[in-house]
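K.L.:
Output the structure for:
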Amino acid sequence: MQRFAAVIRLRPEKESEYRALHAAAWPGVLAALKRARIGNYSIFLRDGLLFSYLEYSGSDYAADTAEIAADPVTRAWWALTDPCQQPLDTAAENERWAPAEEVFHLD
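P.N.:
Here you go, the predicted structure:
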């Protein structure tokens, strides 16, 4: 199992919309995540920053996340959630959620 974390800004004027979307996350989006072997997935909010954490139990993260990106239901979901977000200034080109480096872990 691998752990992944990432960060992105939440546009303040979109907070209510973003919260509402995630309070009723689409079953098709959740199913795509599970098919990609992603579990224990959480998104936290603090001071305008969204922090995501997930656990991946597959063997090819790039291929599995590419399948998520190709999923039409997920793409429709992102059409609603992406305008709520603003990548960090330090994010790489074409990178929305900026990966966070794990500096400590306790089992």
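K.L.:
quick one: the spatially closest residue to residue 14 that is not a sequence neighbour from residue 10, how far?
P.N.:
Setting aside the residues directly before and after it, residue 14 is nearest to residue 84 in space (C-beta to C-beta, 6 or more residues apart in numbering), at 3.8 Å. (Glycine included, C-beta is placed from N, CA and C.) As judged by C-beta to C-beta, to the nearest Å, residue 84 and residue 10 stand 6 Å apart.
K.L.:
Can you check which residues contact both of these two?
P.N.:
Overlap of the contact sets of residue 84 and residue 10 (by C-beta atoms under 8 Å, 6 or more residues apart in numbering) consists of residue 18.
K.L.:
what's the distance between the host helix or strand of residue 4 and the middle of its chain?
P.N.:
Using DSSP states H and E, residue 4 sits in strand 2-10. Distance, stretch centre to chain centre, for strand 2-10: 7 Å (C-alpha atoms, centre = their mean, to the nearest Å).
K.L.:
From residue 103, how far out is residue 38?
P.N.:
22 Å.
K.L.:
so what's the residue nearest the centre of the chain up against?
P.N.:
Geometric centre of the chain, nearest residue: residue 52, 5.9 Å, by C-alpha atoms, centre = their mean. By C-beta under 8 Å, 6+ apart, the contact list for residue 52 reads 4-8, 41-44, 97.
K.L.:
Show me which of these are buried.
P.N.:
4-8, 97 (16 or more other C-beta atoms under 10 Å).
K.L.:
Now the helix or strand hosting residue 16: buried residues?
P.N.:
Assigned by DSSP H and E, residue 16 falls within helix 15-23. Going by neighbour count (16+ other C-beta under 10 Å), the buried part of helix 15-23 is 18, 21.
K.L.:
quick check: angle from it to strand 2-10?
P.N.:
Inter-element angle recorded for helix 15-23 and strand 2-10: 150 degrees (by axes from the mean of the first three to the mean of the last three C-alpha atoms, to 10 degrees).
K.L.:
Beyond helix 15-23, next helix or strand please.
P.N.:
Proceeding N to C from helix 15-23, the next assigned helix or strand is helix 27-35, under DSSP H and E.
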